[in-house]
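K.L.:
With the input below, show me the fold.
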Amino acid sequence: MNNGMTPPEGELIDASDFWDRRNKPASVAAEVADAGAGGADAAHQQVPAPPFKRLLVANRGEIACRVFRTARDLGIETVAVFSEPDSSAAHVREADIAIAIGGVTSSESYLDTAKILEAARRVGADAIHPGYGFLSENPDFAQAVIDAGIAWVGPTPESIRSMALKVEAKRLAQAAGVPLVPGAELAADVTDAQLTDIADAVGYPLLVKASAGGGGKGMRVVESPADLIESVETARREAQNSFGDSTVFFERYLTGARHVEVQVFGDTHGNVVHLFERECSVQRRHQKIVEESPSPGTTTATLDRMYDAATSLARQIGYVGAGTVEFLVFGQGAEQVFYFLEMNTRLQVEHPVTEEVTGENLVAWQLHVANGGQLPRSQDELTSTGHAIEVRLYAEDPANNYLPSTGRLAAFGIDAPGAPHCREDTGFAAGDEVSPYYDPMLAKIISHASSRAAAAQQLAGNLRSRDIAGVVTNRDSLVAILESEAFASGATTTDFLDLNAELLSLPVITESERERALIAVTLGIDVSNQLDAPWNDVAPFGWRNISAVPQRADWAFNRSGESVEAAVVSWPSPDRSGRVTLRASEAAAGWSGKPDGISYRIDVLESVGTTEGAQRHVTLRVSLDGISRVYRVSSRGDLAWVNDGTNSQTFRSLPRFADLDLAAAGGGPSAPVPGTVVSVEVAAGDEVAEGQTLVVLEAMKMEHRITAAAAGVVDEVLVRSGDSVDAHQVLVTLQ
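P.N.:
From the prediction side, this is the model:
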């Protein structure tokens, strides 16, 4: 299906893809207008339409959706592949054609070359885009695609092979005269004793890193010899599960550096350019969460040398397509130095940052170059304008060791008319399920403004305004980072979160704002119930023989990183004015609520009827002690969320009466999230110490250690290696 958009052969069409700036489909003509408004020269954005008729994206989530948008604008039909958990995912819904490849885990689906190629054959795809992660840097997969007579949208297998294995990449970089971080290669049959000797030679602290991958997978910091062997084993398992290659190597862990990368692009005609730099220093678990351009702390002289090093390396290996050369930058001013880290032979997660400051569409460039075309711009024609910042929104709890969060997204998006506009790249929508089998990233939110301060403010405001319900996210920690003095000063080294650990649990919403939102959501749900009550024609909602008895609602909310059953709200329903009280449960230490009450008055401004999967949405003006504000209240199941145009907050309603069976159930250490048992470290009868590892669980491509809360004796082990477990399932019982 080409929707009549495929142009005659050789005709030029615009491919600027400013759809992303609007976050909705747009016509080519509208995109040209946007390009002019954004400062990009539309004439330079025109590239020959690729001859591909049907493009399969061998990936999932937001990157598949991102590639589909550009392909659609170029008149190319799109094909999605999907595993069993992804059968109703956003990338499946967005593609023109979707084909099941089966399997649950990555290795059973998106990492299976045979399944991907068979899917391409069945649907007649004439091109494959790998996205990032999975098979994107697998040279054997690239060669298999080419051998199958399908166009490969990426670098040559030879280039991938030389750079994808980071050990080989370091050799090539060293030969090119690029300084390297001290490290060591590891043979496949290296013994534990040899590992210890090699680590001593490299020096502590050190990093164990996967040779075949990235994104923080297969990477561990080792502070001392006592942690070395276990860290190597864990990194190898994660590398094998994520990339199909368990090879790891050692690298000295250097703190106080900036992580700065250069975007490079090459074509089959020998042309290579850079599209400036991105700084990606704010990281958790060695995975980037904030990326920006320009780098706030790298000097012009250092950047010029890095641009030269990056493009020289790309030329040396005859690089074709999009690639990123990553560096560590130390020091300031004339004393600043840099070291080569690695080259990623694919489109980076953070590529929208470069697109925003340059006005270029890197996916359109990829498709054009894969068709044999020359680069759309020369180096002299490329410019960087303004400042762009991207954050990665994850389904995880930063205050709880980044514990992944799974479940159905009851709400996901912006419903506040005055919210600051930002580009959003996502593979989720309200109602979608967040699976434990894949990376927990929900979306990338990108701001672009004239200055760094303006971009950070715009992005923080956008994040605050988002309705997110159903899973725990890192939204509050991202806002805290963007609004912190440390970030504003540009002091963004790779140990940023170690030095500013309070940002992971810092409340970004004041107690007063929380209390007012609690009252607003309670009154809003009450109004919804009144409007939906089937007996409205018989008796008024809330009618009682004894009018003095107030209504009551119990709520739980997330406060400073810990979910507490904190709020009991009482009010004289169904009155539209009166006095409402808030009192805290015993779990809400440090918060007293409003036990003496606060006067309220509500006016219903809008009521939208029940829609599929959600209850009524109510917009009301709430006056509390004479201070009036408009709130929009929505709910689904036991979740309710309220947006005041500046902040969005989510609450969970609690049952009025506890389930005594649950209290008496007992048990032992349980799975915090759904996942797969990697290994069982104990057996029945073993004596264990407090903090000792009992079971290792893999969820969302990361390992999680289930430990003993106190010393004891193992009574029974309830799982085996390879078992799939649900959240809260008891794994081991202890005496």
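
K.L.:
ranges for the strands of the stretch 101-250 of the chain?
P.N.:
127-129, 151-152, 183-184, 206-210, 219-222, 248-252 (DSSP state E, counting those that start in this stretch).

K.L.:
Now distance to E698 and mean neighbour count too, for those strands, in CSV please.
P.N.:
C-beta coordinates here come from the backbone N, C-alpha and C atoms, glycine included. Below are the strands of the stretch 101-250 of the chain laid out as CSV (distance: least, C-beta to C-beta, whole Å; neighbours: other C-beta atoms under 10 Å):
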stretch, distance to E698, mean neighbour count
strand 127-129, 28, 28
strand 151-152, 31, 22
strand 183-184, 27, 17
strand 206-210, 15, 24
strand 219-222, 15, 21
strand 248-252, 17, 22
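
K.L.:
any chance of these in TSV, plus distance to A80?
P.N.:
Formatted as TSV, these follow (distance: least, C-beta to C-beta, whole Å):
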stretch	distance to A80
strand 127-129	11
strand 151-152	18
strand 183-184	39
strand 206-210	27
strand 219-222	30
strand 248-252	32
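
K.L.:
For the ones you listed, could you give me TSV that also reports mean pLDDT and distance to F68?
P.N.:
TSV is the format used below for the strands of the stretch 101-250 of the chain (pLDDT from 0 to 100; distance: least, C-beta to C-beta, whole Å):
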stretch	mean pLDDT	distance to F68
strand 127-129	98	9
strand 151-152	98	17
strand 183-184	82	39
strand 206-210	86	29
strand 219-222	86	30
strand 248-252	85	34
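
K.L.:
Out of the ones you listed, flag the one nearest A460.
P.N.:
Among the strands of the stretch 101-250 of the chain, the nearest to A460 by C-beta to C-beta is strand 219-222 (28.7 Å).

K.L.:
circling back to that earlier point, which stretch among the strands of the stretch 101-250 of the chain approaches I519 most closely?
P.N.:
Nearest to I519, of the strands of the stretch 101-250 of the chain and by C-beta to C-beta, is strand 219-222 at 45.2 Å.

K.L.:
tell me what that closest one is packed against?
P.N.:
strand 206-210, helix 228-243 (3 or more C-beta pairs under 8 Å, 6 or more residues apart in numbering; DSSP states H and E).

K.L.:
in its sheet, what does that strand sit against?
P.N.:
strand 206-210 (antiparallel) (DSSP bridges).

K.L.:
thinking again about what came up before, determine which stretch of the helices and strands packed on strand 219-222 is the most buried.
P.N.:
strand 206-210 (a mean of 24; mean count of other C-beta atoms under 10 Å).

K.L.:
Can you give the distance from that strand to the centre of its chain?
P.N.:
22 Å (C-alpha atoms, centre = their mean, to the nearest Å).

K.L.:
Residues in contact with it: which ones?
P.N.:
For strand 206-210, the external contacting residues (C-beta atoms under 8 Å, 6 or more residues apart in numbering) are 166, 199, 217-222, 231-232, 235, 238-239, 242-243, 245, 247-253, 286.

K.L.:
Tell me the helices and strands packed up against the longest strand seen in the chain.
P.N.:
Secondary structure of the chain per DSSP state E: the longest strand is strand 593-608. Secondary structure elements in contact with strand 593-608, counted by 3+ C-beta pairs under 8 Å, 6+ apart, are helix 511-532, strand 562-571, strand 577-584, strand 617-624.

K.L.:
average model confidence for the next helix or strand after the longest one?
P.N.:
So that's helix 511-532. Sequence order places strand 551-559 as the next helix or strand after helix 511-532, per DSSP states H and E. For strand 551-559, mean pLDDT rounds to 76.

K.L.:
cool, and stretch 140-147?
P.N.:
98.

K.L.:
Show me which residues of it are buried.
P.N.:
F141, A142, Q143, A144, V145 (16 or more other C-beta atoms under 10 Å).

K.L.:
Let me know which of the strands of the stretch 101-250 of the chain is the nearest to P404.
P.N.:
Per C-beta to C-beta, nearest to P404 of those: strand 219-222, 16.9 Å.

K.L.:
what residues does the closest one touch?
P.N.:
With C-beta under 8 Å, 6+ apart as the criterion, strand 219-222 contacts 199, 204-210, 228, 231-232, 234-235, 238, 253, 285-286.

K.L.:
same thing but 10 Å
P.N.:
Residues outside strand 219-222 that contact it (C-beta atoms under 10 Å, 6 or more residues apart in numbering): 199, 202, 204-210, 213, 227-236, 238-239, 248, 250-251, 253, 255, 285-287, 703.

K.L.:
Output the below-cut-off pLDDT ranges for the stretch 451-600 of the chain.
P.N.:
532-549, 558-567, 573-574, 585-592 (pLDDT under 70).

K.L.:
and if we set it to 80?
P.N.:
505-507, 529-550, 557-568, 571-575, 584-595 (pLDDT under 80).

K.L.:
out of the strands of the stretch 101-250 of the chain, nearest to R576?
P.N.:
Across those, closest to R576 is strand 127-129 (C-beta to C-beta), at 55.9 Å.

K.L.:
That closest one packs against which elements?
P.N.:
Other helices and strands packing on strand 127-129, by 3 or more C-beta pairs under 10 Å, 6 or more residues apart in numbering; DSSP states H and E, are strand 54-57, helix 61-73, strand 77-82, helix 113-123, helix 139-147, strand 151-152, helix 362-370.

K.L.:
Can you show me the helices along the stretch 351-500 of the chain?
P.N.:
351-358, 362-370, 452-464, 475-482, 485-488, 496-499 (DSSP state H, counting those that start in this stretch).

K.L.:
Now render the ones you listed as a markdown table, adding mean neighbour count and distance to S281.
P.N.:
Listed next are these as a markdown table, based on neighbours: other C-beta atoms under 10 Å; distance: least, C-beta to C-beta, whole Å:
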| stretch | mean neighbour count | distance to S281 |
| --- | --- | --- |
| helix 351-358 | 26 | 13 |
| helix 362-370 | 24 | 22 |
| helix 452-464 | 21 | 14 |
| helix 475-482 | 24 | 11 |
| helix 485-488 | 15 | 10 |
| helix 496-499 | 16 | 6 |
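
K.L.:
Give me the neighbour count for E502.
P.N.:
11 (other C-beta atoms under 10 Å).

K.L.:
so what's S136 up against?
P.N.:
Contacts of S136 by C-beta under 10 Å, 6+ apart are 58-59, 63, 129-130, 142, 154-155, 160, 164, 214, 344-347.

K.L.:
just these now: which is nearest A100?
P.N.:
Of all the contacts of S136, A100 sits closest to A58, with 14.1 Å by C-beta to C-beta.

K.L.:
Next, count neighbours for the closest one.
P.N.:
For A58, using other C-beta under 10 Å, the count is 28.

K.L.:
List the residues that contact it.
P.N.:
A58 sits next to 64, 79-81, 101, 110-111, 113, 115-117, 119-120, 125, 128-131, 134-136, 141, 145, 153 when contact means C-beta under 10 Å, 6+ apart.

K.L.:
May I see the ChimeraX selection of the buried members of these?
P.N.:
Buried residues among those (16+ other C-beta under 10 Å), as a ChimeraX selection:
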select :64,79,80,81,101,110,111,113,115,116,117,119,120,125,128,129,130,131,134,135,136,141,145,153
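
K.L.:
Isn't W555 up against V568?
P.N.:
Yes - using C-beta atoms under 10 Å, W555 is in contact with V568, at 7.8 Å.

K.L.:
related to what we said a few turns ago, show me which of the contacts of S136 are buried.
P.N.:
58-59, 63, 129-130, 142, 154-155, 160, 164, 214, 344-347.

K.L.:
Show me which of those residues is closest to A711.
P.N.:
G214 (39.2 Å).

K.L.:
Show me this protein divided up by domain.
P.N.:
Taking automatic domain parsing as the domain assignment, the ranges for the chain are 12-161, 182-252, 393-490, 511-653, 665-734.

K.L.:
circling back: a markdown table for the helices and strands packed on strand 593-608, including mean neighbour count and distance to E185?
P.N.:
Below are these laid out as a markdown table (neighbours: other C-beta under 10 Å; distance: least, C-beta to C-beta, whole Å):
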| stretch | mean neighbour count | distance to E185 |
| --- | --- | --- |
| helix 511-532 | 21 | 53 |
| strand 562-571 | 20 | 44 |
| strand 577-584 | 17 | 57 |
| strand 617-624 | 20 | 59 |
